[in-house]
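Peer 1: Got a predicted structure plus its sequence, pasted below:
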Amino acid sequence: MARTQKNKATEYHLGLLKAKLARYRAQLLEPDKKGGGAGTGFDVQKSGDARVALIGFPSVGKSTLLSKTTHTQSETAAYEFTTLTAIPGVIEYQGARIQLLDLPGIVEGASQGRGRGRQVVSTAKTADVILIMLDATKSEEQRRLLEIELDAVGIRLNKQKPDVVFKRKTTGGITLNTTVKLTKTDEKTIRTILASYKLHNCEVMIREDITTDEFIDVLIGTRKYIPCLYVYNKVDSISLEQMNKLAREENTVVISCELGLNLDYLIERIWEKLGMVRIYTKKRGAHPDLADPVCMRKGATIEDVCNGIHRSLLANFRYGLVWGKSSKFSPHAQKVGLTHLVADEDVVSIFTK
């Protein structure tokens, strides 16, 4: 692929090679189906309102960050590979409990199974936000290598899922429709990729100018699109000009774990990336409980709020009353059903049978 000239004539051939490569990678990442001896678990149970995964090469300060932000004692030392398993901690912020997971340092080739790399990057798939910890005193190559490892296991950082609808059919051949002009791929390439996956009966609707790689991601269907922050540690060891340059980059935070610099700002940025909404509950005839919000991800509905309070509410639900940004009559109450989308700082009353 590197030796092939990129032009209109070779576009569909490259698309076919990319599709084959993605398929082989997916096969490599599948767990061995043969029975084996009992092993020790690596991932820890997901808890709290959201999960943030800390990923980085050994000795970049992940364990120190966990200790400083969550008051969790994680084994730290000056030598590499101190952390050998996933260590969870909890950040309490704005009424939410955010689980921070310190994953073992990964090495180049982690996605192919070097060290405990495959377990690390697979655990990262369960996160709502990924923090990539980098050493500000080292080259930018560290960031590129980590992005390659995460990309290889199907984690797409700071990207949105392509606006493509794909449905399998039993008969009728391939139906391909586009609502935009495709400038990064073409119909011939897409049909070639579908054929390489033995998809001869399906319906494809493309509503975005996607690339060949993005179309392959849609077909595979196991890709995870996760927000990411690049956290540069040890900024106390570089010049002010270097620090200023790093701080101005997109999705980047500069900190010093040792000196405790900028850690509050980092937690603020994590909160922004999570896109959480705080819902306050209100009993009939009482003031809303502003001390204990129900924290949800953006896009949550009244149904999610019911599940967040207690699962028994859903079975006996009659209607809800909402005050706030999502109410048509704000600041007056609006009667709503289970599918109503809630907004940050809404006040909700649930009425049951």
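Peer 2: Received the coordinates, thanks.

Peer 1: just how off-centre is the helix or strand of the chain with the lowest mean pLDDT within its chain?
Peer 2: Lowest on mean pLDDT, DSSP states H and E among the helices and strands of the chain sits helix 117-124, with a mean of 73. Its chain's average C-alpha position is 13 Å from that of helix 117-124, according to C-alpha atoms, centre = their mean, to the nearest Å.

Peer 1: name the helices or strands packed onto the helix or strand that comes right after it?
Peer 2: From helix 117-124 onward toward the C-terminus, using DSSP states H and E, the following helix or strand is strand 129-135. In terms of contacts (3 or more C-beta pairs under 8 Å, 6 or more residues apart in numbering; DSSP states H and E), strand 129-135 is packed against strand 50-56, helix 141-152, strand 155-157, strand 228-233, helix 263-274. All C-beta spots, glycine's among them, are computed from the backbone N, C-alpha and C.

Peer 1: follow-up on the earlier one: what angle separates the least confident helix or strand of the chain from strand 50-56?
Peer 2: 150 degrees (axes from the mean of the first three to the mean of the last three C-alpha atoms, to 10 degrees).

Peer 1: so what does helix 117-124 touch, helix or strand wise?
Peer 2: strand 50-56, helix 141-152.

Peer 1: relative to strand 129-135, how tilted is it?
Peer 2: Going by the same axes, to 10 degrees, helix 117-124 makes 130 degrees with strand 129-135.

Peer 1: Report the angle between helix 117-124 and strand 228-233.
Peer 2: Using the same axes, to 10 degrees: helix 117-124 against strand 228-233 is 120 degrees.

Peer 1: Which among the helices and strands packed on strand 129-135 is found nearest to Gln94?
Peer 2: helix 263-274 (6.4 Å; C-beta to C-beta).

Peer 1: mean confidence for stretch 27-35?
Peer 2: Mean pLDDT, stretch 27-35: 55.

Peer 1: make that stretch 95-106, sorry
Peer 2: 86.

Peer 1: Same question for stretch 224-244.
Peer 2: Mean predicted confidence for stretch 224-244 is 95.

Peer 1: List the buried residues for it?
Peer 2: Buried residues in stretch 224-244, counting neighbours by 16 or more other C-beta atoms under 10 Å, are found at 224, 226-235, 238, 243.

Peer 1: Show me which of those is closest to Thr70.
Peer 2: Out of the buried residues of stretch 224-244, the member with the shortest distance to Thr70 (by C-beta to C-beta) is Val231, at 14.9 Å.

Peer 1: got a list of what the closest one touches?
Peer 2: When contacts are counted by C-beta atoms under 8 Å, 6 or more residues apart in numbering, Val231 touches Leu65, Leu131, Ile132, Met133, Leu134, Thr252, Val253, Val254, Ile255, Leu266.

Peer 1: And the pLDDT for Lys188?
Peer 2: Looking at Lys188, its pLDDT is 88.

Peer 1: Ok, the one 10 residues further on next?
Peer 2: Lys198 is assigned a predicted lDDT (pLDDT) of 90.

Peer 1: Repeat that for the one 3 residues further on.
Peer 2: In this model, Asn201 is scored at 95, pLDDT.

Peer 1: would you turn the helices and strands packed on helix 117-124 into TSV with mean pLDDT, distance to Lys298 and mean neighbour count?
Peer 2: Listed next are the helices and strands packed on helix 117-124 as TSV, based on pLDDT from 0 to 100; distance: least, C-beta to C-beta, whole Å; neighbours: other C-beta atoms under 10 Å:
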stretch	mean pLDDT	distance to Lys298	mean neighbour count
strand 50-56	92	11	24
helix 141-152	89	23	17
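
Peer 1: Compare the ones you listed and give me the one nearest Ile190.
Peer 2: helix 141-152 (21.5 Å).

Peer 1: Among the contacts of Val231, list the two that are farthest apart in space.
Peer 2: Among these, Leu65 and Thr252 lie farthest apart (C-beta to C-beta), at 15.3 Å.

Peer 1: okay, the two: which has more neighbours?
Peer 2: Taking other C-beta atoms under 10 Å, Leu65 and Thr252 do not tie; Leu65 has more neighbours (24 against 17).

Peer 1: Name all residues that make contact with the more buried one.
Peer 2: Contacts of Leu65 by C-beta under 8 Å, 6+ apart are Leu54, Asp102, Met133, Val231, Asn233, Ile255, Cys257, Leu263.

Peer 1: so how many other residues sit close to the second one?
Peer 2: For Asp102, the tally of surrounding residues (other C-beta under 10 Å) stands at 27.

Peer 1: do the third one as well
Peer 2: The local packing of Met133 (other C-beta under 10 Å) involves 25 other residues.

Peer 1: Tell me the predicted confidence for it.
Peer 2: On the pLDDT scale, Met133 gets 94.

Peer 1: can you pull the contacts of it?
Peer 2: Leu54, Ile55, Gly56, Val60, Gly61, Lys62, Leu65, Val231, Asn233.

Peer 1: Look up the residues forming beta bridges with the second one.
Peer 2: Legend: beta-bridge partners of Ile55 under DSSP bridges are Ile132.

Peer 1: Hmm, it is touching Pro104, no?
Peer 2: No. Assessed by C-beta atoms under 8 Å, Ile55 is found out of contact with Pro104, at 9.5 Å.

Peer 1: list the residues that contact both of those two?
Peer 2: Val120.

Peer 1: chain center to the biggest helix by length in the chain: distance?
Peer 2: In the chain, assigned by DSSP state H, the helix with the most residues is helix 11-29. Centroid separation for helix 11-29 versus its chain: 24 Å, with C-alpha atoms, centre = their mean.
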